[in-house]
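S.K.: return a 3D structure for these sequence lines:
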Amino acid sequence: MRFAPYILEARKMIADGKIGAITDLEVYVNVHTPWNLWDFLFSKERMEINYHSIHYVDLIRSFLGTPSKVYARTFKHPHATQLASVKSNIIMDYGDMVRAVIHTNHNHNYSYRKQESYVKIEGTKGAVKITFGALINYPYGIADNFEYIMLEEGNEAQWQTKTIEGTWFPHAFIGTMQQMQLAKAGIIDKPENSIDDALETMICVEAAYASNEKGA
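M.R.: Below you'll find the predicted structure:
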């Protein structure tokens, strides 16, 4: 997800100093996911974090690096007891000044109109909120939406919308291939999504399951 076009735009805004230093990063998913489309998941001892929230763990790491600690709890649902878990809360600990959280609920089966899936990044000078519509009313989805706000002294801040070409799937794969090509050409030392980097994400996933079993 770190290479989704709307994430790349948010990263560019941050690099340009438009929203200041990151103070809050939240991924919020409240949708109904038809897990029956993937039969293999029903035999897995681990599910939601391994097969879904891992994307968000990796995304947060791409902005903030590897956290010092992970607090997590992953949950079942009465209507999906065959699955190891379908909901998760994850806190990635970056100290006292930055909140980084993941909230996922895949059993909100009460009409797609109240379903939500977004990434919100708040900084010292502004914020970005990205609705990624692929998960809402799945598998049909809705349009993505990129909104941002920047504080300006003497002016009332207003939320604005920016049109972003492309979406998570399939366009994020362009970024992964580009990283490989740049490394192959010697333009960069190694891909941003190198094996070493992926290992750090997996360390966080393991920490989340350890926390789920043993407490914070």
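S.K.: tell me how far Ala143 lies from Ile164.
M.R.: To Ile164, Ala143 is 10 Å away according to Cβ to Cβ, to the nearest Å. Quick note: C-beta positions are derived from backbone N, CA and C, even for glycine.
S.K.: please say which of the two ends up with more neighbours.
M.R.: Of the pair Ala143 and Ile164, Ile164 is the one with more neighbours under other Cβ atoms under 10 Å, namely 18 against 9.
S.K.: in a strand, the more buried one, correct?
M.R.: No - read with DSSP: H, G, I helix; E, B strand; the rest coil, Ile164 is coil and lies in no strand.
S.K.: residues contacting it?
M.R.: 5-6, 9, 144, 146 (Cβ atoms under 8 Å, 6 or more residues apart in numbering).
S.K.: now those residues in a markdown table, with neighbour count?
M.R.: Converted to a markdown table, the contacts of Ile164 look like this (neighbours: other Cβ atoms under 10 Å):
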| residue | neighbour count |
| --- | --- |
| Pro5 | 18 |
| Tyr6 | 24 |
| Glu9 | 17 |
| Asp144 | 20 |
| Phe146 | 21 |
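S.K.: which pair of these spans the longest distance?
M.R.: Glu9 and Asp144 (10.9 Å; Cβ to Cβ).
S.K.: which residues touch the most centrally placed residue in the chain?
M.R.: By Cα atoms, centre = their mean, the chain has its centre lying nearest to Tyr56, at 2.9 Å. Going by Cβ under 8 Å, 6+ apart, Tyr56 touches 1, 27, 29, 90, 102, 104.
S.K.: doesn't it belong to a helix?
M.R.: Yes - applying three-state DSSP, one finds Tyr56 inside a helix.
S.K.: check the gap between it and Ile49 for me.
M.R.: 9 Å.
S.K.: now the common contact residues for these two.
M.R.: Ile90.
S.K.: for Ser88, what are phi and psi?
M.R.: Per-residue torsions, Ser88: phi -150, psi 150 (degrees, to the nearest 10).
S.K.: which residues does it bridge with?
M.R.: In this entry, Ser88 is beta-bridged to Thr74, Thr104, by DSSP bridges.
S.K.: surely Ile174 and Phe3 touch.
M.R.: Yes - contact criterion Cβ atoms under 8 Å: Ile174 and Phe3 qualify, at 6.9 Å.
S.K.: which one of these two has more residues nearby?
M.R.: Phe3 (21 against 14).
S.K.: how about that one, what does it touch?
M.R.: Going by Cβ under 8 Å, 6+ apart, the list of residues near Phe3 reads 172-176, 178-179, 193.
S.K.: tell me the pLDDT at Ala4?
M.R.: pLDDT, Ala4: 98.
S.K.: what's the burial count for it?
M.R.: So Ala4, with other Cβ under 10 Å, has 26 neighbours.
S.K.: same question, the one 4 residues further on
M.R.: When neighbours are counted by other Cβ under 10 Å, Leu8 registers 17.
S.K.: so it touches His171, yeah?
M.R.: No - Leu8 is beyond contact range of His171, at 9.5 Å (criterion: Cβ under 8 Å).
S.K.: in the protein, which spans are helices?
M.R.: For the chain, the helices defined by DSSP state H occupy 5-15, 48, 54-64, 172-184, 195-214.
S.K.: mind checking the ones you listed for the one nearest to His79?
M.R.: helix 48 (14.4 Å).
S.K.: from the chain's centre, how far out does that closest one sit?
M.R.: 13 Å (Cα atoms, centre = their mean, to the nearest Å).
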